[in-house]
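[1] Return a 3D structure for these sequence lines:
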Amino acid sequence: MVSNIYFKHLPAEVRAGRLPLAEVDSAVRRVLRVKYEMGLFADPYRHSSEARERALTLSPPYLAEARDMARRSIVLLKNNGGALPLSKSLGTLAVIGTLADDARSALGNWAAVGRPEDAVTILAGIRQAVGTRTRVLYAPGAPVDSADTTGFAEAVRVARQADAVVLVLGEHQDMSAEARNRTSLDLPGVQLQLAQAVVATDKPVVVILENGRPLSIPWLADHVPAILETLYLGVQMGPAVADVLFSDANRGASSGVVPRTVRRVPVYYNHQNAGRPPDERERYTSKYLDVPWTPQWAFGHGLSYTTFAYDAPTLSATQVTMGDSVVVRVKSHQRRDAS
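    Down below sits the predicted model:
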């Protein structure tokens with residue numbers, strides 16, 4: 001990509017006789033042949049047009065497509081008691097978390113020429129969605145990656161004024177990137193303590209996770225009724241998240257494996273069973289004393305706002321003999337929950 005190793009070392013290798021010049025010529029010739037066959041010598045900037053760039057970049061059709069892709073990427077991990085969707089007629093909604101108003105993180109790390117000023121944040125998307133019908137209060141709460149708790153009091157105060165709370169937690173864009181490994185999958189900084197303080201207000205809380213890697217969140221899984229995994233969704237992140245929060249769109253994605261703890265990694269859906277596969281009824285099988293052996297959420301997990309019911313199956317025949325076929329019919333019913 002950006003290495004200068006060829007310029008720095010190939011000439012010396014050729015002069016020393018360790019690399020035949022014919023091999024260099026052969027390698028270069030293959031690249032040039034492909035470029036020639038693609039027409040790049042006749043038109044080096046093939047398919048590039050500044051006028052088209054100006055006309056199409058962030059144009060309404062492309063923004064609509066970006067919004068649709070973003071909302072179809074959201075995973076509804078948990079939704080107990082119909083906590084979601086939220087109503088647009090709430091009197092007051094609290095939005096808490098620095099990531100809720102972080103346009104740069106909405107683009108993720110490898111944003112190339114993406115501009116934060118073009119991104120709509122979660123906070124802005126929520127405000128656009130509810131308009132003047134709902135008062136939206138905001139508090140940063142705590143930085144993503146520090147031990148600063150000075151914003152806790154304001155976050156709790158805002159939460160207590162609200163009918164419901166949207167709590168945005170996770171990692172900023174520079175934490176999920178090249179050369180940005182972590183030794184823990186827990187929420188960084190004091191975000192868990194912030195969540196615990198907000199949940200203690202006894203207000204209905206919805207957690208939105210904005211991150212680039214699976215996070216281990218067992219406390220949230222046990223104490224928060226609704227959790228959305230969004231990742232970094234791009235310039236239309238705010239409107240897409242709002243669409244799902246308020247049921248203007250059903251969620252559309254399923255998760256990878258979400259571990260309970262980093263010490264449970266590697267954990268993946270097609271793991272080969274050990275000699276003694278885990279069995280809760282059997283002591284001498286492969287499992288753990290301190291956490292369940294299962295992941296927090298398994299591969300392919302993802303809820304929706306649609307509920308399903310199935311009638312009792314009917315058979316085309318009640319008795320069969322060798323070689324006979326039976327047709328089994330099951331009638332299903334589904335209902336889309338509305339905000």
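
[2] Relative to residue 70, how far out is the nearest residue to residue 243 once chain neighbours are set aside?
    Among residues not flanking residue 243 along the chain, residue 249 sits closest, at 4.0 Å (CB to CB, 6 or more residues apart in numbering). From N, CA and C alone the C-beta is placed, and that goes for glycine too. Separation of residue 249 from residue 70 (CB to CB, to the nearest Å): 10 Å.

[3] Which one's more surrounded, these two?
    Legend: neighbour count by other CB atoms under 10 Å for residue 249 and residue 70, higher for residue 70 (26 against 20).

[4] Please enumerate the strands of the stretch 1-150 of the chain.
    With DSSP state E, counting those that start in this stretch as the criterion, the stretch 1-150 of the chain has strands at 75-79, 92-96, 135-139.

[5] any idea how far residue 74 is from residue 335?
    Distance from residue 335 to residue 74, by CB to CB: 21 Å.

[6] Which of the strands of the stretch 1-150 of the chain sits closest to residue 229?
    Among the strands of the stretch 1-150 of the chain, the nearest to residue 229 by CB to CB is strand 75-79 (4.2 Å).

[7] JSON lines for the strands of the stretch 1-150 of the chain, including distance to residue 160 and mean neighbour count?
    Output for the strands of the stretch 1-150 of the chain, formatted as JSON lines (distance: least, CB to CB, whole Å; neighbours: other CB atoms under 10 Å):
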{"stretch": "strand 75-79", "distance to residue 160": "24", "mean neighbour count": "22"}
{"stretch": "strand 92-96", "distance to residue 160": "9", "mean neighbour count": "24"}
{"stretch": "strand 135-139", "distance to residue 160": "10", "mean neighbour count": "18"}
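
[8] so which of these comes closest to residue 307?
    Evaluated with CB to CB, these place strand 75-79 nearest to residue 307, the distance being 10.8 Å.

[9] Give me the residues contacting that closest one.
    84, 209, 221, 224-230, 244, 251, 253-255, 258, 297, 301-305 (CB atoms under 8 Å, 6 or more residues apart in numbering).

[10] same deal with stretch 259-279?
    183-186, 214, 216, 218, 257, 282, 284-288, 291-293, 295-296, 298-300.

[11] hey, where'd the helices end up in this structure?
    With helices called from DSSP state H, the chain shows them at 5-15, 21-37, 50-56, 60-71, 103-106, 122-130, 152-161, 191-199, 218-223, 237-245.

[12] where are the low-confidence patches of the chain?
    Filtered on pLDDT under 70, the chain yields the residue ranges 1, 336-339.

[13] So for it, the centremost residue is which one?
    By CA atoms, centre = their mean, the chain has its centre lying nearest to residue 231, at 2.6 Å.

[14] can you tell me how far it sits from residue 188?
    From residue 231 across to residue 188, the span is 16 Å (CB to CB).

[15] From the contacts of stretch 259-279, list just the buried residues.
    For these, a neighbour count by 16 or more other CB atoms under 10 Å gives the buried set as 185, 186, 214, 216, 257, 287, 295, 296.

[16] now for those residues, which pair is the farthest apart?
    The largest separation in the buried ones among the contacts of stretch 259-279, counting by CB to CB, is between 186 and 287 at 21.7 Å.

[17] check contacts around the closest residue to residue 304 other than its chain neighbours.
    Excluding its sequence neighbours, the residue lying closest to residue 304 (CB to CB, 6+ apart) is residue 250, at 5.3 Å. Applying CB under 8 Å, 6+ apart, we find residue 250 in contact with 244, 304, 305, 306, 336.

[18] Wait, the first one touches residue 71, no?
    This means residue 244. Yes. With contact defined as CB atoms under 8 Å, residue 244 counts as touching residue 71 (5.7 Å).

[19] Overlap in contacts, those two.
    Counting by CB under 8 Å, 6+ apart, the shared contacts of residue 244 and residue 71 are residue 251.

[20] Residue 312 and residue 327, how far apart?
    With CB to CB as the criterion, residue 312 and residue 327 are 15 Å apart.

[21] now do residue 194
    Separation of residue 194 from residue 327 (CB to CB): 56 Å.

[22] Neighbour count: those two, which is higher?
    When residue 194 and residue 327 are compared for neighbours, residue 194 comes out ahead with 25 against 8, by other CB under 10 Å.

[23] which ones are touching the more buried one?
    Applying CB under 8 Å, 6+ apart to residue 194 gives the contacts 96, 97, 141, 142, 149, 151, 152, 155, 167, 169.

[24] and those residues as JSON lines, adding distance to residue 123?
    Converted to JSON lines, the contacts of residue 194 look like this (distance: CB to CB, whole Å):
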{"residue": "96", "distance to residue 123": "10"}
{"residue": "97", "distance to residue 123": "9"}
{"residue": "141", "distance to residue 123": "12"}
{"residue": "142", "distance to residue 123": "16"}
{"residue": "149", "distance to residue 123": "21"}
{"residue": "151", "distance to residue 123": "15"}
{"residue": "152", "distance to residue 123": "19"}
{"residue": "155", "distance to residue 123": "14"}
{"residue": "167", "distance to residue 123": "12"}
{"residue": "169", "distance to residue 123": "14"}
